[in-house]
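# All I have is the shape, not the residue letters:
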């Protein structure tokens, strides 16, 4: 911090002393009204088991930042947007220094050198999880699915499991017995990951459609039981396309305080894992289209103001977004599709992410493929620079 000093001459006159005191008071008033000066800030950062902690690093504009980085792997931490990099190595603390002069949300990636990245958890294969080896489940489990038409279009899929736990917070991490996520397919084409028991499908082509769901471990390997994939299939007659906006979206006032927080976690295989943390609200995917029950329902996700998907659980796998600053909004609704309001305002949250162009080879992950002479880049977190 700068210090203002007032130098007094020996034996000043009374008038001079009065003038100096007035100037001193004016300087103090000016400093009190000015915005806080830039600070030198040190932030401990740990990269371990393929994950960055904290995953979102928040700083204030114009501060001089030093990230004290400890890593269990050799490589390079890359701050996109600022286009700055810092080499790191196990057993050492690297000082990643920069001036936070531009506000916004910027992707942080980790570059694994050469062949060392090819075997890292969460890399390899396609963005859909292809190329990951099937794995025999260590715990007995089974799966079934049910499909029902939705009143506003599309279909609602219920995934019924025994011995299996959905664990979206563990995706791309070490496998845990009995935990993972699902992949959903229509006519043999994978549409998305599924992170909960209920999922809404939109935009099905008319006619008979085969819907299948496969259970996968945290590293996207198809789970097997007695050598057979843990998969459930059914055929559904799609009679109308897509999703219809509620023709009478009268809001319903929540009976008690209701709010939500939204976070977009970059996924190592591309895109984002959207996490929704509600308060005073409970997801009830099985009741979409049913009567209103206070405090329960589902959510709607939009990207830059355009409808993206209805959400029945607190996690959603999102695709890679168009390059640039993108706004993701999540709004809560009741079972009858009515938007929730609290104190006259929609219960919704909007976040902004800085989406970058995907790499040419694999859509933004596994740069260099399996070539031992290339490096692998994995998105691990964000830097948020807040206005001063």
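Perfect, thanks for sending it. These numbers come from a predicted model, not from an experiment.
# where does the stretch 151-300 of the chain dip in pLDDT?
Across the stretch 151-300 of the chain, residues meeting the criterion (pLDDT under 70) sit at 241-248.
# Let's see that with 80 instead.
Along the stretch 151-300 of the chain, segments meeting pLDDT under 80 span 240-248.
# ok, now which ones touch the closest residue to residue 90 other than its chain neighbours?
Distances taken as C-beta to C-beta, 6 or more residues apart in numbering put residue 72 closest to residue 90, at 5.5 Å, once the chain neighbours are dropped. Any C-beta I mention is one placed from the backbone N, CA and C, and that applies to glycine too. Neighbour list for residue 72: 47, 48, 49, 90 [criterion: C-beta atoms under 8 Å, 6 or more residues apart in numbering].
# Now render the residues you listed as TSV, adding secondary structure.
Written out in TSV, the entries for the contacts of residue 72 read as follows (DSSP: H, G, I helix; E, B strand; the rest coil):
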residue	secondary structure
47	strand
48	strand
49	coil
90	strand
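# Out of the residues you listed, who's the most crowded?
residue 47 (21 neighbours; other C-beta atoms under 10 Å).
# Show me what it bridges to in the sheet.
With DSSP bridges applied, the residues forming beta bridges to residue 47 are residue 52, residue 71.
# repeat for residue 300
The partner residues for residue 300, given DSSP bridges, come to residue 310, residue 331.
# And for it, the neighbour number?
20.
# And the pLDDT at the residue nearest to residue 90?
The predicted local confidence for residue 72 comes out at a pLDDT of 90.
# List the buried residues of the helix or strand where residue 214 lies.
Taking DSSP states H and E as the criterion, residue 214 maps to strand 207-216. Buried positions in strand 207-216, judged by neighbour count with 16 or more other C-beta atoms under 10 Å: 209, 211, 212, 213, 214, 215, 216.
# check contacts around the fourth one.
Spelled out, it's residue 213. For residue 213, the contacting residues are 143, 145, 157, 159, 182, 183, 184, 185, 194, 231, 232, taking C-beta under 8 Å, 6+ apart as the criterion.
# JSON lines for the residues you listed, including secondary structure?
What follows is the contacts of residue 213, written out as JSON lines (three-state DSSP):
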{"residue": "143", "secondary structure": "strand"}
{"residue": "145", "secondary structure": "strand"}
{"residue": "157", "secondary structure": "strand"}
{"residue": "159", "secondary structure": "strand"}
{"residue": "182", "secondary structure": "strand"}
{"residue": "183", "secondary structure": "strand"}
{"residue": "184", "secondary structure": "strand"}
{"residue": "185", "secondary structure": "strand"}
{"residue": "194", "secondary structure": "strand"}
{"residue": "231", "secondary structure": "strand"}
{"residue": "232", "secondary structure": "strand"}
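# wait, which of those is closest to residue 257?
residue 194 (30.3 Å; C-beta to C-beta).
# Count the neighbours of that closest one for me.
Residue 194 sits with 25 neighbouring residues when counted by other C-beta under 10 Å.
# Just give the nearest non-adjacent residue to it, would you?
Of all residues beyond its chain neighbours, the one nearest residue 194 is residue 182 (4.1 Å), with distances taken as C-beta to C-beta, 6+ apart.
# same question, residue 382
Using C-beta to C-beta, 6+ apart, the nearest residue to residue 382 is residue 56, at 4.8 Å.
# Residue 179 too?
Leaving out its chain neighbours, the residue that sits closest to residue 179 by C-beta to C-beta, 6+ apart is residue 167, at 3.9 Å.
# which residues does that neighbour contact?
Contact analysis of residue 167 by C-beta under 8 Å, 6+ apart lists 176, 179, 180, 181, 218.
# can you put those residues in JSON lines and add secondary structure?
Shown next, in JSON lines, are the contacts of residue 167 (three-state DSSP):
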{"residue": "176", "secondary structure": "coil"}
{"residue": "179", "secondary structure": "strand"}
{"residue": "180", "secondary structure": "strand"}
{"residue": "181", "secondary structure": "strand"}
{"residue": "218", "secondary structure": "coil"}
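# what about burial for the residues you listed, which qualify?
If you count burial by 16+ other C-beta under 10 Å, the buried members of the contacts of residue 167 come out as 179, 180, 181, 218.
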